[in-house]
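Participant: what's the 3D shape of this:
(one chain, ligands or ions: 1)
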Amino acid sequence: MARIAFIGVGNMGGPMSTNLAKAQHQVRAFDLSDKALKAAQDGGATVANSVADAVKDAEIVITMLPAGAHVREVYMGPAGIFENAPKGCLFIDSSTIDVATTREVIAAAKVAGFEMVDAPVSGGTGGAAAGTLTFMVGGEQNAFNRGRPAFDAMGKTIVHCGDAGAGQAVKACNNMMLAISMIGVAEGFNLADALGIDRQVVYDVCSTATANSWALSTYCPVPGPAPNSPANRDYEAGFTADMMLKDLRLAQDAAQKAGVSTPLGSEAQALYALYSNMGRGHKDFSGIIQMLRGKANE
Ligand code: NAD
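Facilitator: As a prediction, the model looks like this:
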């Protein structure tokens, strides 16, 4: 079993570190938040008092941080991971960040003599707690293989997507597609409502016809047809609109840099920004159906 440093044990990283400890890995956690550290400790990690202290004996370092700036700072900054990790240590960044920063940090790791992969996840806090996350991994095959036991302790579906940055790229594409399809499903239900059609009938037909999608059949944005969807609990978040907005911004950033036209992705970003600015960013992303109906909170 490996000695693993885990930096960033918040809503996602906390339960992920607990699953590593449950799988008998020796986990040493660091976070700026005492509350997050305490929860990680309760889950079986030992607590470090700095990034340097966390990584000093590590075989693997995993980071789960809010955004690209944090990742750059924690790896490349003074007293960061590059300066303090032992030779041969493998780095896994599971944060959801932009492709450009990911490629920059992985290239710098290589220059410093370390193998590193990007490994963003899908599955939310529920998947993190249950150990059923999907990992989308970018980087060299050898690094992917070395990380595999750690991924297996935290996730169920582990996919090697390609070279450095490929994990972030796949995640951005997935969430852009999901946001667009959710808005499409929401518009369909709103039109059907206005035309006086029973929602269950719309669901029964469309979920078995050509319009079917995960957003419709599993995560249906109106209450009733899919009993476990957030619509049935006043859009209490499984995946918040603000998280979706973050991912749409990352997708648009990547599209602009690559010179790709993504008009519906751009529109989805604008709509989620509007929904967030209405004070609904903490709600589930499927709640956007209410805004599209002209009623942001009913
Ligand atoms: P979070 O805010 O709960 O956790 C991030 C943690 O990083 C915090 O505890 C914070 O104190 C810590 N941190 C920030 N800067 C630090 C530093 N310099 N050194 C040490 N610790 C530092 O966020 P989260 O929900 O756990 O999300 C983490 C990442 O996972 C994000 O990139 C997010 O986009 C991604 N993600 C989240 C979800 C989700 O449903 N929450 C799903 C998939 C992916």
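Participant: and the residue of the stretch 1-150 of the chain found nearest the ligand, backbone torsions?
Facilitator: In the stretch 1-150 of the chain, no residue comes nearer to the ligand than residue 10, which is 1.9 Å away by C-beta to the nearest ligand atom. Yep, even glycine has a C-beta here, placed from its N, CA and C like the rest. Dihedral pair for residue 10: phi -80, psi -140, per degrees, to the nearest 10.
Participant: model confidence for it, exactly?
Facilitator: With respect to pLDDT, residue 10 scores 95.
Participant: so how many other residues sit close to it?
Facilitator: Neighbourhood size, residue 10 [other C-beta atoms under 10 Å]: 19.
Participant: what about the residue lying closest to it once chain neighbours are set aside, which helix or strand?
Facilitator: Leaving out its chain neighbours, the residue that sits closest to residue 10 by C-beta to C-beta, 6 or more residues apart in numbering is residue 36, at 5.2 Å. Residue 36 belongs to helix 34-42 when assigned by DSSP states H and E.
Participant: what is that helix packed up against?
Facilitator: In terms of contacts (3 or more C-beta pairs under 8 Å, 6 or more residues apart in numbering; DSSP states H and E), helix 34-42 is packed against helix 13-22, strand 26-30, strand 46-47.
Participant: could you list the buried residues of it?
Facilitator: 36, 37, 39, 40, 41 (16 or more other C-beta atoms under 10 Å).
Participant: go on, stretch 121-134?
Facilitator: 121, 122, 123, 124, 125, 127, 128, 129, 131, 133, 134.
Participant: try stretch 135-154
Facilitator: In stretch 135-154, counting by 16+ other C-beta under 10 Å, buried: 135-140, 143-144, 146-147, 150-151, 153-154.
Participant: dump the residues you listed into JSON lines; add distance to residue 216 as well.
Facilitator: Formatted as JSON lines, those follow (distance: C-beta to C-beta, whole Å):
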{"residue": "135", "distance to residue 216": "26"}
{"residue": "136", "distance to residue 216": "23"}
{"residue": "137", "distance to residue 216": "29"}
{"residue": "138", "distance to residue 216": "30"}
{"residue": "139", "distance to residue 216": "34"}
{"residue": "140", "distance to residue 216": "38"}
{"residue": "143", "distance to residue 216": "38"}
{"residue": "144", "distance to residue 216": "34"}
{"residue": "146", "distance to residue 216": "39"}
{"residue": "147", "distance to residue 216": "35"}
{"residue": "150", "distance to residue 216": "35"}
{"residue": "151", "distance to residue 216": "30"}
{"residue": "153", "distance to residue 216": "33"}
{"residue": "154", "distance to residue 216": "29"}
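Participant: out of the residues you listed, which are inside helices?
Facilitator: 143, 144, 146, 147, 150, 151, 153, 154 (DSSP state H).
Participant: columns pLDDT and distance to residue 214 on top of those residues, output as a markdown table?
Facilitator: Output for these, formatted as a markdown table (pLDDT from 0 to 100; distance: C-beta to C-beta, whole Å):
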| residue | pLDDT | distance to residue 214 |
| --- | --- | --- |
| 143 | 98 | 30 |
| 144 | 98 | 26 |
| 146 | 98 | 32 |
| 147 | 98 | 27 |
| 150 | 98 | 27 |
| 151 | 98 | 23 |
| 153 | 98 | 26 |
| 154 | 98 | 22 |
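Participant: format these as TSV; extra columns: distance to the ligand.
Facilitator: As requested, those are arranged in TSV below (distance: C-beta to the nearest ligand atom, whole Å):
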residue	distance to the ligand
143	20
144	19
146	22
147	17
150	16
151	15
153	17
154	12
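Participant: which of these sits closest to residue 276?
Facilitator: Distances from residue 276 to those, taken as C-beta to C-beta, are shortest for residue 154 (28.9 Å).
Participant: I'd say that closest one and residue 21 touch.
Facilitator: No. Taking contacts as C-beta atoms under 8 Å, residue 154 lies outside contact range of residue 21: 10.9 Å.
Participant: that older thread, now, which of the buried residues of helix 34-42 lie close to the ligand?
Facilitator: Residues of the buried residues of helix 34-42 in contact with the ligand (C-beta under 6 Å from any ligand atom): residue 36.
Participant: would you turn the buried residues of helix 34-42 into JSON lines with distance to residue 202 and pLDDT?
Facilitator: Formatted as JSON lines, these follow (distance: C-beta to C-beta, whole Å; pLDDT from 0 to 100):
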{"residue": "36", "distance to residue 202": "43", "pLDDT": "97"}
{"residue": "37", "distance to residue 202": "48", "pLDDT": "98"}
{"residue": "39", "distance to residue 202": "42", "pLDDT": "97"}
{"residue": "40", "distance to residue 202": "45", "pLDDT": "98"}
{"residue": "41", "distance to residue 202": "49", "pLDDT": "98"}
